[in-house]
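Peer 1: based on what follows, work out the 3D shape:
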Amino acid sequence: MKLTKAKGILDKKRPYVRKRFFKSRSLILETKPKIVLDVGCGDGLLLSLCDDEIEKHGLDISDNNLNNDKAIIYKKHDVSEGLPYENAKFDVVHSSELIEHVKDTIFFIKECKRVLKPGGRMIISTPNLHYWRNIIEWFNGNQFFFVDYHDAQEGHVRYFCPKTLYELASKEKLINITTTTIGDWGTKSIVMMAMAKIFEKFFKQKNLILFMVANKK
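Peer 2: Okay, here's the model as predicted:
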């Protein structure tokens, strides 16, 4: 898929989704990788946003036409069974909003680490339990954003804040671990929109989408 077409598809998505995609793209490309894996790639849009010179691999549990992007090497696979790749294959392993669906998160991180080359980068994003608007919802007696409360709602089984995701990566001996958050849920409230801009600018651990970036030794 041409880059202009991929950006056109992204333009139709929610603002926080666009921010997440561009954040992921930036974190991938700044390492100048030669070979990248996107675990839980969905329709392959993120990989389509990356440079054509990169060898791009996508993995997902669903059947996907990947927007007919022939540049993506795709495998259908359940990550609970591990990742179907040899050791130390990829410069970057990326996974966006998948880890909250995975029961054995330690195994998942171990597998992402296993297929990374030494010095390679792991990028994980997930909804942030410490999202600032969850505090407001808690005081109002409401359900937290994205926290499931009935069967098969979103399929979320794990929730992370910056500290817990950092600790998970640290226990698996990853290095150069950093966490940050971006984005905000849509709202028509001018007050809430103003607060969202303040939090995104000054409170780097309190926004909607949590990113963890780390390296393999």
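
Peer 1: and the strands in this structure, which stretches?
Peer 2: 35-39, 55-60, 72-76, 90-96, 116-127, 175-182, 209-215 (DSSP state E).

Peer 1: now do the last one: distance to the chain's middle.
Peer 2: If I follow you right, that is strand 209-215. 8 Å (CA atoms, centre = their mean, to the nearest Å).

Peer 1: pLDDT of it, averaged?
Peer 2: The predicted model assigns strand 209-215 a mean pLDDT of 98.

Peer 1: tilt between that strand and strand 175-182?
Peer 2: Inter-element angle recorded for strand 209-215 and strand 175-182: 160 degrees (by axes from the mean of the first three to the mean of the last three CA atoms, to 10 degrees).

Peer 1: what strands line up against strand 209-215, and which way round?
Peer 2: Partners of strand 209-215 in the sheet, by DSSP bridges, are strand 116-127 (antiparallel), strand 175-182 (antiparallel).

Peer 1: before we move on, what about the fourth one?
Peer 2: Paired with strand 90-96 in the same sheet, following DSSP bridges, are strand 35-39 (parallel), strand 116-127 (parallel).

Peer 1: returning to that earlier point: of all the strands of the chain, which one is nearest Lys19?
Peer 2: strand 175-182 (5.2 Å; CB to CB). The way it works is simple: take the backbone N, C-alpha and C, and place the C-beta from them, glycine included.

Peer 1: number of residues surrounding Ile123?
Peer 2: 21 (other CB atoms under 10 Å).
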